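K.L.:
whatever this is, show me its structure:
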Amino acid sequence: MTPDFQPAWWLPSPHLQTLWGSLCRTPPQLQRQRERLWLEDGDFLDLDWYGPHEAGAPLVLVLHGLTGSSSSHYVLGLQQQLAAQGWASVALNWRGCSGEPNLLPRGYHSGVSEDVVSVIQHLQAQRPLAPLYAVGYSLGGNVLLKYLGESGRNSGLQGAVAVSVPFRLDHCAERIDRGFSKVYQAHFMRELVAYVRDKQQRFTDEGHHERLAALQALGPLDGMRTFWDFDGRFTAPLHGYTDADDYYRRASSRYYLEQIRTRTLIIQSSDDPFVFPHSVPQAHELSASTRLELHARGGHVGFIGGSPRLPDYYLERRIPNWLSTSR
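P.N.:
The predicted structure is shown next:
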């Protein structure tokens, strides 16, 4: 049975649903254990563990969204609730998102499923007796669905949940350049430019002249206003894509959905200010193992109900409950 989501009366618009958690919520304070995972290309990923240490306790990999981190409120909230039901979790920080710039010119993006492969292999080696699951939000949800489609029956996961997914990256880039959503776009542009600047500063400080030159050769950091601008100038050439169009086509999860064989739940809102309604896949595009839970309201990684004094975070009820039924 699917729990009903009742949007908060005091958050009547999709923008309030989207912004309230990051602007007004006091995130849970968790004592987590950080692990640095070194990758074959010489770079690293930081993982933040929480919950029981028992070898057989179910383990959930949590993937954050664009310009977020393992300290994003929705990640901390989910880890807290998973621990309350006796499950362990590990929150991945994408390259350069853990508070320290990563070591290579390349970074992370919406199609970086090769890094998910590395993390899952590591978790399988660390906890071979633990049933393994994954949850991805926004960009993390897109990467997760892409990975699930690419890996088919060999995902290594017992179940997966993707929330507020930008199924078509080209559509998302167009949607976020409209109306009030331009506010989000401006925020992301500031954060993405800062991400590259921090990396350039690290390369300068540590004398990595070739790596610095590789970034500088892509062009100046000013003058970029849209996702198309940034992805065309930086994301595509840094990660082996011809241009922004090629990146959007090859990295969009909507093209991988039919190949998913892992039991998967997608939680989406029709009023998501990052995603057009026509970007959400139709039923015939989903594999038999995939369920789409489409709500009329909820914003982008919002889904907040309850009262101002006692908010109800639907995702933190729904996701642990659904994962527990996947065992």
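K.L.:
what about the strands in this structure?
P.N.:
Remark: strands of the chain, listed N- to C-terminal, are 33-38, 44-50, 59-63, 88-93, 132-137, 159-163, 264-269, 290-295, 304-306, 311-313; assignment by DSSP state E.
K.L.:
how close does the residue nearest to residue 158 when sequence neighbours are not counted sit to residue 72?
P.N.:
Take residue 158 and drop its neighbours on the chain: the residue closest to it by Cβ to Cβ, 6 or more residues apart in numbering is residue 131, 4.8 Å away. Any C-beta I mention is one placed from the backbone N, CA and C, and that applies to glycine too. Summarising the geometry, the distance separating residue 131 from residue 72, computed by Cβ to Cβ, to the nearest Å, is 25 Å.
K.L.:
who's more crowded, the two?
P.N.:
When residue 131 and residue 72 are compared on other Cβ atoms under 10 Å, the one with more neighbours turns out to be residue 72, at 24 against 17.
K.L.:
so that one makes contact with residue 62?
P.N.:
No. At 9.4 Å, residue 72 and residue 62 do not qualify as touching, with contact defined as Cβ atoms under 8 Å.
K.L.:
please tell me the pLDDT value assigned to the closest residue to residue 189 other than its chain neighbours.
P.N.:
Distance criterion Cβ to Cβ, 6+ apart; nearest residue to residue 189, sequence neighbours excluded, is residue 224 at 6.1 Å. Residue 224 is assigned a predicted lDDT (pLDDT) of 93.
K.L.:
ditto for the one 5 residues further on
P.N.:
The score at residue 229 is 97. That number is its pLDDT.
K.L.:
all helices for the chain, in order.
P.N.:
Counting by DSSP state H, the chain forms helices over residues 14-24, 73-84, 113-126, 139-151, 169-175, 181-206, 209-216, 227-230, 236-238, 244-251, 314-324, given from the N-terminal end onward.
K.L.:
so which of these gets nearest residue 95?
P.N.:
Nearest to residue 95 among these is helix 113-126; the distance by Cβ to Cβ comes to 7.1 Å.
K.L.:
picking that back up, for residue 201, which of the strands of the chain is the nearest?
P.N.:
Comparison of the strands of the chain against residue 201 by Cβ to Cβ identifies strand 44-50 as nearest, at 17.8 Å.
K.L.:
give me the contact list for the closest one.
P.N.:
Here strand 44-50 makes contact (Cβ atoms under 8 Å, 6 or more residues apart in numbering) with 30-39, 70, 79-80, 82-83, 88-95, 98, 100, 102-103, 115, 118-119.
K.L.:
give me the buried subset of those residues.
P.N.:
Buried members of the contacts of strand 44-50, scored by 16 or more other Cβ atoms under 10 Å, are 30, 32, 37, 39, 70, 79-80, 82-83, 88-95, 98, 102-103, 115, 118-119.
K.L.:
tell me the bridge partners for the residue nearest to residue 293 when sequence neighbours are not counted.
P.N.:
Excluding the flanking residues, the one nearest residue 293 by Cβ to Cβ, 6+ apart is residue 267, at 5.0 Å. Beta-bridge pairing for residue 267 (DSSP bridges): residue 163, residue 293.
K.L.:
how near is residue 42 to residue 271?
P.N.:
When Cβ to Cβ is applied, the distance between residue 42 and residue 271 equals 43 Å.
K.L.:
those two: who's more crowded?
P.N.:
Just comparing residue 42 and residue 271: by other Cβ under 10 Å the higher neighbour count belongs to residue 271, 19 against 9.
K.L.:
residue 299: neighbour count?
P.N.:
Neighbouring residues of residue 299 were enumerated by other Cβ under 10 Å; the total is 25.
K.L.:
how about the nearest residue to it, chain neighbours excluded?
P.N.:
Setting aside the residues directly before and after it, residue 299 is nearest to residue 17 in space (Cβ to Cβ, 6+ apart), at 3.0 Å.
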